[in-house]
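K.L.:
pasting a predicted model and its sequence here:
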Amino acid sequence: MQERTSLNIHPAAADDVPALARLFDAYRVFYEAASAPKEAEAFVARLVADGRTRFFLARQAGSNPSPPLGFVHLMPSISTVAMRPIWLLEDLFVAPEARRQGVAGALMRHAEAFARQTAAERLTLATAHNNLRAQSLYQAMGYAKEDHFWYYHRILD
């Protein structure tokens, strides 16, 4: 994998919402949801305006303004045992044309640096069982598969 050395990664702002929403909609389609561009833009706009979750965008350096190549979305939580914040890496997506160029790794490193800056105890993530490319990245970066806890979900109507 070739490492892209000329990336700018920055927090998403209100003027980034249309471009971020296009990537977010593509992310949803990747996970087999129906495309919903208008709804995705409204959803992302609410999250960016609210400011509790954090979106970071990767763009190629030197182009003004270049379209985003990918994004990472972090959600806050807490570790009651450690009595420290944690961040949940909820979404990570790289545009198909920008894959295998180090964008995902750069976004992951940025997320880790952000988590450290906020004194977080950990950065936690989940991915689909069949998303082998993502699993490979996470393992290469030193992430350990959780074997200690079982997670249960109940879908609420």
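P.N.:
Cool, the structure landed. All of these numbers come straight from a predicted model, not from anything done at the bench.

K.L.:
who's in contact with stretch 29-49?
P.N.:
The contact list for stretch 29-49, computed with CB atoms under 8 Å, 6 or more residues apart in numbering, reads 12-14, 16-18, 20-22, 24-25, 28, 53, 55, 73, 93, 128. Glycine gets a C-beta too; all of them are placed from N, C-alpha and C.

K.L.:
so which of these are in helices?
P.N.:
With DSSP state H as the criterion, helices contain 17-18, 20-22, 24-25, 28 from among these.

K.L.:
TSV for these, including neighbour count and pLDDT?
P.N.:
Below are these laid out as TSV (neighbours: other CB atoms under 10 Å; pLDDT from 0 to 100):
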residue	neighbour count	pLDDT
Val17	22	97
Pro18	12	97
Leu20	23	97
Ala21	21	98
Arg22	17	97
Phe24	23	98
Asp25	21	98
Arg28	18	97
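
K.L.:
okay, and the beta partners of the residue positioned nearest the centre of the chain?
P.N.:
Centroid check for the chain by CA atoms, centre = their mean gives Val72 as the closest residue, at 2.1 Å. In this entry, Val72 is beta-bridged to Phe56, Leu92, by DSSP bridges.

K.L.:
which ones are touching His129?
P.N.:
Contact partners of His129, counting by CB under 8 Å, 6+ apart, are absent.

K.L.:
again, only using 10 Å
P.N.:
Contacts for His129 (CB atoms under 10 Å, 6 or more residues apart in numbering) come out as Gln135.

K.L.:
and the pLDDT for it?
P.N.:
In this model, His129 is scored at 88, pLDDT.

K.L.:
can you check the one 4 residues further on too?
P.N.:
For Arg133, the model assigns a pLDDT of 89.

K.L.:
what number of residues lie near it?
P.N.:
Per other CB atoms under 10 Å, the neighbour tally for Arg133 reads 13.

K.L.:
now it, what's its secondary structure?
P.N.:
helix (DSSP: H, G, I helix; E, B strand; the rest coil).
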